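**Student:** sequence and predicted model, in that order:
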Amino acid sequence: MRARVYWPVTIAAALLVGLLAYGLTTTGTDTTLDDAMARGERVAPPQESPLPRLGGDGTGSLADYKGKVVLVNVWASWCEPCRDELPLIEKAHKMLSAEGGTVLGIDVKENTDAAMKAVGEFGLTFPNLRDRDGSFVRKWGQTGYPENYVIDRDGRVAAVRRFPVTQKWLDKTLPPLLDEKD
Amino acid sequence: MARALLAALLAVALLAAPAAAATPQASLPDIEDEVMCLECGTALNVSNSDVADQERDFIAGLVAQGMTKQQIKDRLVAEYGPRVLAEPEDDGFQLTAWLVPILAALAAVALVVLVARRWRRRGRGGPPDAAPGGPGLDPDDARRLDAELAAFDR
């Protein structure tokens, strides 16, 4: 009797432990980008599926902007620091677009109407994609709002800012990347 | 009698229909506990954050438009994705949330069956019930008992 019960119980216990380990390893924060930035390396961004366009049809992704310097801005209108930052981001977009770059907004966890209201309120002219449930930014190791990632002309992540940007940081980060010609 | 009963039931049904139609299709409190606050990871009815407030505003707007509960949930999924509903998805790692309770229940049933069978087997193989007067004496003991009793009588 004991031998008959031993293996099923052991296997069930092993499965439960495996399940727990899998859950813990897949729900933690991804630090790949931060580790690369700390080493001074540029790395390919996480592989992502295209996201729905905010205020437009179809989907879009980072791949649409290959060859450009892209400032990826993670924002939401319910996030007060994001709202404070948006005028600066719009200003950065105007500067970038004059130099062949762009801001790509990632609007996170909000409905279209609320997001479009903010677009109108702040006069945002840069393209935006909708990360409906936050699964896109999670792969970028997101820890809060707002966040900004800078992509170089080769499509690699060159800088990560896990809190609001400043004009000083933008001035220091973007021009050198714009100067890197193909 | 039966006709009168039927007529009464029909009258009640006719009166109840407009009342039901006038009842709101959905309400915020009714939906809140079935929807997640996406940022907090808790049900909306116990969430107090800016995201939760925006989700509540969105639901309240749909309720005001006269949508049914299901229509509102469909709109929520369209806007926020399937994770907005307070039930695990049926694919990927989320599938374990459905499977583990089922497997645990099956394991519990299997354990009960195993233990019951074991008890039954033990019951069959155990000693027979004792006679009402207790077990009989072997002949030697009987003789000794008779001798002792005879000596006592003397």
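**Tutor:** Looks like it arrived, so ask away.
**Student:** after the longest helix seen in chain B, which helix or strand is next?
**Tutor:** Of all segments of type helix in chain B, defined using DSSP state H, the longest is helix B:95-125. Counting by DSSP states H and E, the next helix or strand C-terminal to helix B:95-125 is helix B:139-153.
**Student:** alpha carbons of that following helix, as PDB, please.
**Tutor:** Taking Å, rounded to 0.1, in the frame of the first residue of the first chain, the C-alpha atoms of helix B:139-153 are listed here in PDB:
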ATOM      1  CA  PRO B 139     -10.700 -27.500  29.400                       C
ATOM      2  CA  ASP B 140      -7.700 -27.100  31.800                       C
ATOM      3  CA  ASP B 141      -8.900 -23.700  33.000                       C
ATOM      4  CA  ALA B 142     -12.400 -25.000  33.300                       C
ATOM      5  CA  ARG B 143     -11.200 -27.900  35.500                       C
ATOM      6  CA  ARG B 144      -9.200 -25.500  37.700                       C
ATOM      7  CA  LEU B 145     -12.100 -23.200  38.000                       C
ATOM      8  CA  ASP B 146     -14.400 -26.000  39.100                       C
ATOM      9  CA  ALA B 147     -11.800 -27.200  41.600                       C
ATOM     10  CA  GLU B 148     -11.500 -23.700  43.100                       C
ATOM     11  CA  LEU B 149     -15.300 -23.200  43.300                       C
ATOM     12  CA  ALA B 150     -15.600 -26.700  45.000                       C
ATOM     13  CA  ALA B 151     -12.900 -25.700  47.500                       C
ATOM     14  CA  PHE B 152     -14.700 -22.400  48.100                       C
ATOM     15  CA  ASP B 153     -18.000 -24.200  48.800                       C
END
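**Student:** does the biggest helix by length in chain A reach chain B?
**Tutor:** For chain A, the helix with the greatest residue count under DSSP H is helix A:2-27. Yes: using C-beta under 8 Å from any C-beta of the partner chain, helix A:2-27 reaches chain B at A:5, A:12, A:19, A:22-23, A:26. In this view, the C-beta of every residue, glycine as well, is placed from N, C-alpha and C.
**Student:** kindly reformat these as a markdown table containing neighbour count.
**Tutor:** Compiled in a markdown table, the residues of helix A:2-27 next to chain B are given as follows (neighbours: other C-beta atoms under 10 Å in any protein chain shown):
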| residue | neighbour count |
| --- | --- |
| A:Val5 | 13 |
| A:Ala12 | 13 |
| A:Leu19 | 14 |
| A:Tyr22 | 12 |
| A:Gly23 | 12 |
| A:Thr26 | 10 |
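**Student:** one step back: starting at the chain centroid, how far to the longest helix of chain B?
**Tutor:** Centre-to-centre, helix B:95-125 and its host chain are 17 Å apart (C-alpha atoms, centre = their mean, to the nearest Å).
**Student:** quick one: average pLDDT of it?
**Tutor:** Averaged across helix B:95-125, pLDDT comes to 83.
**Student:** which other helices and strands contact that helix?
**Tutor:** Helix B:95-125 sits against helix A:2-27, with contacts defined as 3 or more C-beta pairs under 8 Å, 6 or more residues apart in numbering or on different chains; DSSP states H and E.
**Student:** so which elements touch the helix it packs on?
**Tutor:** Applying 3+ C-beta pairs under 8 Å, 6+ apart, one finds that helix A:2-27 contacts helix B:95-125.
**Student:** and the helix it packs on with helix A:2-27, angle?
**Tutor:** Counting by axes from the mean of the first three to the mean of the last three C-alpha atoms, to 10 degrees, helix B:95-125 lies at 170 degrees to helix A:2-27.
**Student:** and the next helix or strand past the helix or strand bottoming out on mean pLDDT in chain B?
**Tutor:** The weakest-scoring helix or strand in chain B, judged by mean pLDDT, DSSP states H and E, is helix B:2-22 (a mean of 54). Note on helix B:2-22: by DSSP H and E, the next helix or strand toward the C-terminus is helix B:28-32.
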